[in-house]
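Undergrad: Build me a model from this:
(4 chains)
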Protein chains: 2
Amino acid sequence: MTEERIKEAINTLKESGVRITPQRHAILEFLIVSMAHPTADDIYKALEGKFPNMSVATVYNNLRVFKKAGLVKELTYGDSSSRFDFASSDHYHVICSSCGKIVDFHYPGLDEVEALAEHVTGFSAQNHRMEVYGVCPDCREHGKILKS
Amino acid sequence: MTEERIKEAINTLKESGVRITPQRHAILEFLIVSMAHPTADDIYKALEGKFPNMSVATVYNNLRVFKKAGLVKELTYGDSSSRFDFASSDHYHVICSSCGKIVDFHYPGLDEVEALAEHVTGFSAQNHRMEVYGVCPDCREHGKILKS
DNA sequence: GTTATAAATTATAACTATTTTAATTTAAGA
DNA sequence: TCTTAAATTAAAATAGTTATAATTTATAAC
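TA: I've put the predicted structure just below:
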C-alpha cells in the first residue's frame, strides 16, 4: 500500500517535470509512512542516519515542491513550526492542546459551510479547513496540565 | 458601541491586575474598530502617527497580554505573520486566497463535530477552528490570478 | 500633590524558522 | 558517455517574534 502511494506520488512529480532524487524519494516516503505530522526539522533529523549530508534547505525545498504538486498539506496551527501531512485523503485533525499530538479524523465534508459562506459573504468558496482541539486520552489519564 | 466594548475590555484587564497605559488603550481600540484582522506590524505602523516612540516590542507584549486575557484571538493561517482579531463573538472567517482579505462569518456552531471527534478519537474536545478559503468579490471581478 | 514601586515601555540584540544564494553535484535525456 | 538544467549543499540572509537592560510611568499609598 505504501509502495503504491509512493509510486503514484512519484508519477505525479514526474508528470510535472520534477526530477526524482534519492533525497526527494526519502522525504516523500517518510511523509507517507509517518502518522505524526512532522515538522521540517523532524524530517531532517529522522533522515540524518540515511543521508548525513542532507541539508535542511533540501528538506524545505522539497516540501515546497510537494506542496505545490498537491501531494502534501502544510499544517499551520499556531505551533512555532509548520507541520506537514501527506495528502492521502480528505480529513480533518484533532490536536491535543496539552502534548500537541495530532490525529487524523474523518468526518463527512462540511461542504454546506462553504455554500453558506458563499451566500453570506459573496466569496467564491474553494475549500475549507477545520481542526478540533482537546485533550488526548493519554494526557487526560496522566492528569497533565493544560497549556492554556 | 465601540466605547462600551473598550470599557468592558479595560475592566477585564484591570480585574486581572493589568495597568492601562495609553499604548495599551490605543492598541485595544485599534483592534476593536479594525475589521481587517491586522498583523502586529500593521498595528505598529497604524499607531506611528499618534505614538511615534512606540516600540514594536510594546505591540507584541500587549497582544500577548490581550490574548492571555481572552480579549483577542491570534489567527495563524499560514500567512507569514500572525493576525489578531478582537474576540467580540464566536465566529469563523472567510479568507480570500488571492488578496488575503479576511472577513467574519457567523455560522451556527459546529458543536456536533466536537462531539463526533470525541467519539471517534477518545479525545476530550475543547474547541475547534474552521475557516473557508475562496475568492472575494473584488478579486473575482478584477480577474486576479489565484495564488495557488 | 508627593512618593514609592512594580509594571510597562523603549531600543535593540537575540533567537528561530524559513528562504536565498553561489558553488558544486547529479538526474535524466540524447 | 556526454551534456545540461535541476537539485543539493553549506552558509548567509531574512522576517517575525522574543528577550534584555535601562528608563519611564501608572497607580496605590500617604
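
Undergrad: Let me know the secondary structure of the residue positioned nearest the centre of chain A.
TA: In chain A, the residue lying closest to the centroid (CA atoms, centre = their mean) is A:Asp85, at 1.6 Å. For A:Asp85, the assignment made with DSSP: H, G, I helix; E, B strand; the rest coil gives strand.

Undergrad: Could you tell me how far it is located from A:Phe105?
TA: Counting by CB to CB, to the nearest Å, the separation of A:Asp85 from A:Phe105 is 12 Å. All C-beta spots, glycine's among them, are computed from the backbone N, C-alpha and C.

Undergrad: if I look at these two, which residues touch both of them?
TA: A:His93 (CB atoms under 8 Å, 6 or more residues apart in numbering or on different chains).

Undergrad: report the angle between the axes of the longest strand seen in chain A and strand B:124-135?
TA: Longest strand in chain A by number of residues, with DSSP state E as the criterion: strand A:124-135. For strand A:124-135 against strand B:124-135, the angle by axes from the mean of the first three to the mean of the last three CA atoms, to 10 degrees is 160 degrees.

Undergrad: list the buried ones in stretch A:130-146?
TA: Buried residues in stretch A:130-146, counted by 16 or more other CB atoms under 10 Å in any protein chain shown: A:130-136, A:139.

Undergrad: residue ranges with poor pLDDT in chain A?
TA: For chain A, applying pLDDT under 70 flags the ranges A:144-148.

Undergrad: can we see that at 80?
TA: Applying pLDDT under 80 to chain A flags residues A:1, A:78-79, A:108-109, A:143-148.

Undergrad: can you pull out the helices in chain A?
TA: With DSSP state H as the criterion, chain A has helices at A:2-15, A:22-33, A:40-46, A:56-68, A:111-121, A:137-141.

Undergrad: quick one on the thing from earlier: quickly run through the sheet partners of the longest strand of chain A, with directions.
TA: Taking DSSP bridges as the criterion, strand A:124-135 sits next to strand A:92-96 (parallel), strand B:124-135 (antiparallel) in its sheet.

Undergrad: can you list the residues that contact the last one?
TA: Under the criterion CB under 8 Å, 6+ apart, residues A:94, A:97, A:110, A:113-114, A:117-118, A:123-135, A:140, B:77, B:92-98, B:105, B:110, B:113-115, B:117-118, B:144, B:146 lie in contact with strand B:124-135.

Undergrad: Of those, which fall within the contact range of DNA strand C?
TA: Subset of those in contact with DNA strand C: empty, counting by CB under 7 Å from any atom of the strand.

Undergrad: Of the residues you listed, just the buried ones, PyMOL syntax please.
TA: This is how PyMOL selects the buried members of those, with burial counted by 16+ other CB under 10 Å:
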select buried, (chain A and resi 94+97+110+113+114+117+123+124+125+128+129+130+131+132+133+134+135) or (chain B and resi 77+92+93+94+95+96+97+98+105+110+113+114+117)
